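A.B. asks: predicted structure and sequence below. I'll ask about it afterward.
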Amino acid sequence: MGNIRKKLGEAELEIMQVVWDSERPVTSNYILKELQGRRKWQLSTLMTSLSRLADKGFIHCDRSTGSNLYHPIISENEYKTGASKHFLEKLYNSSIQNMIATLYNNREIKSSDIKELRDFLNRLEDER
């Protein structure tokens, strides 16, 4: 699923982060506990979001064990790649250079960031 049309809302992304970070399928109670610090949610609110995520094809609910276990269908990497591509297309006409220039001109990127980026690009070249 290279092109991810369905976007995640902020709350949905937080839920997915918990699911992605866990090495094994998780229960809704586990997710609720992990989100405790960030969101004051009732279980019913979470359940609504989980079924929406299932409808969107992000997670699968395994009911065979007696307790609902959720696991990701789309990997974190897959989602981020698609979302980044979509973001670049929409805002910067698919140009990473335009994005960097905008951030740099508005002083959102410091010289140290530029140096870090340059070193990173050099390492990429060296690995080829």
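C.D. replies: Ah, there it is.
A.B. asks: pLDDT (mean, whole number) over the helix or strand containing Ser51?
C.D. replies: In the assignment (DSSP states H and E), Ser51 maps to helix 43-55. In this model, helix 43-55 has a mean pLDDT of 94.
A.B. asks: buried stuff in the helix or strand just after it?
C.D. replies: Sequence-wise, the next helix or strand downstream of helix 43-55 (DSSP H and E) is strand 59-62. Neighbour-count burial for strand 59-62, counted by 16 or more other C-beta atoms under 10 Å, picks out Ile59. The way it works is simple: take the backbone N, C-alpha and C, and place the C-beta from them, glycine included.
A.B. asks: given strand 59-62, what are its sheet partners and their directions?
C.D. replies: With DSSP bridges as the test, strand 59-62 is paired with strand 69-72 (antiparallel).
A.B. asks: ok, and what's touching the strand it pairs with?
C.D. replies: The contact list for strand 69-72 (C-beta atoms under 8 Å, 6 or more residues apart in numbering) reads 16, 19-20, 24-28, 31, 50, 58-63.
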